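**Student:** below is the sequence, then the predicted model.
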Amino acid sequence: MIQTAKVISEIANDTVQLKHSYKATPEQIYQAWVNPQALAQWFGPHSHSSKVEKFEAEEGGEYQIRMTPVTQDHDCKGDANGDSVCAGTFVKVIPNQQLVMTFNWIEGGEDMGETLLTIDIIETSTGSDVSLTHERIPTEELRQAHMGGWEGTLECLEEFMQS
């Protein structure tokens, strides 16, 4: 029993988990995540603009997103002077419900190895909840930086859904 508690604690220490509510249907949220033109309009924290360089939203498909700083005030502690590029492979795609993908920084971000990002979309009586889980983040400093970046990203999604 003690060993199980330790494993849970270790998992919690390398994970960012956030939840955000939206006044939008699961289909609208899902399309915002899988449509490259839509994704480019909101993805990333307020301190960055994004360009989708590759995006194949299917199991085994790859993605690559370039984020360019637009302000010096970063909510994610990213490079204020250069681009950052994240990339990975889709592991699981359930339309209107879930996206699971690997996540790596291939340019401008700190090498943290392959991490795992899960986006769950849950229908509610007022719209949808998005639960974002980013696992396998190796250090507390990186976990805090990614928490700030993902919080800003989910806020940007909300602004996009309201426009």
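**Tutor:** Noted; the coordinates are in hand.
**Student:** show me the helices in the chain, by range?
**Tutor:** Secondary structure of the chain (DSSP state H): helices located at 2-13, 26-34, 36-42, 140-162.
**Student:** could you dump the longest one to CSV, C-alpha only?
**Tutor:** I take that to be helix 140-162. Listed next in CSV are the C-alpha coordinates belonging to helix 140-162 (Å, rounded to 0.1, in the frame of the first residue of the first chain):
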residue,chain,number,x,y,z
GLU,A,140,9.6,21.1,-11.1
GLU,A,141,10.9,24.2,-12.9
LEU,A,142,9.7,22.8,-16.3
ARG,A,143,6.4,21.7,-14.8
GLN,A,144,5.8,25.3,-13.5
ALA,A,145,6.7,26.8,-16.8
HIS,A,146,4.4,24.5,-18.7
MET,A,147,1.6,25.1,-16.2
GLY,A,148,1.8,28.8,-17.0
GLY,A,149,2.0,28.2,-20.7
TRP,A,150,-1.0,25.8,-20.7
GLU,A,151,-3.1,28.1,-18.5
GLY,A,152,-2.5,30.9,-21.0
THR,A,153,-3.2,28.5,-23.9
LEU,A,154,-6.6,27.5,-22.4
GLU,A,155,-7.4,31.2,-21.9
CYS,A,156,-6.6,31.9,-25.5
LEU,A,157,-8.9,29.0,-26.6
GLU,A,158,-11.7,30.6,-24.6
GLU,A,159,-11.1,34.0,-26.3
PHE,A,160,-11.1,32.3,-29.7
MET,A,161,-14.3,30.4,-28.9
GLN,A,162,-16.0,33.7,-28.0
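**Student:** number of residues surrounding residue 111?
**Tutor:** 8 (other Cβ atoms under 10 Å). C-beta here means a position set from N, CA and C on the backbone, and glycine is covered the same way.
**Student:** same deal with residue 152?
**Tutor:** 18.
**Student:** list the contacts of the residue lying closest to residue 95 once chain neighbours are set aside.
**Tutor:** Distances taken as Cβ to Cβ, 6 or more residues apart in numbering put residue 30 closest to residue 95, at 6.1 Å, once the chain neighbours are dropped. Contact partners of residue 30, counting by Cβ atoms under 8 Å, 6 or more residues apart in numbering, are 95, 96, 97, 99, 121.
**Student:** rerun at 7 Å
**Tutor:** Counting by Cβ atoms under 7 Å, 6 or more residues apart in numbering, residue 30 touches 95, 96, 121.
**Student:** now for the last one, how many residues are close by?
**Tutor:** In this case it means residue 121. 24.
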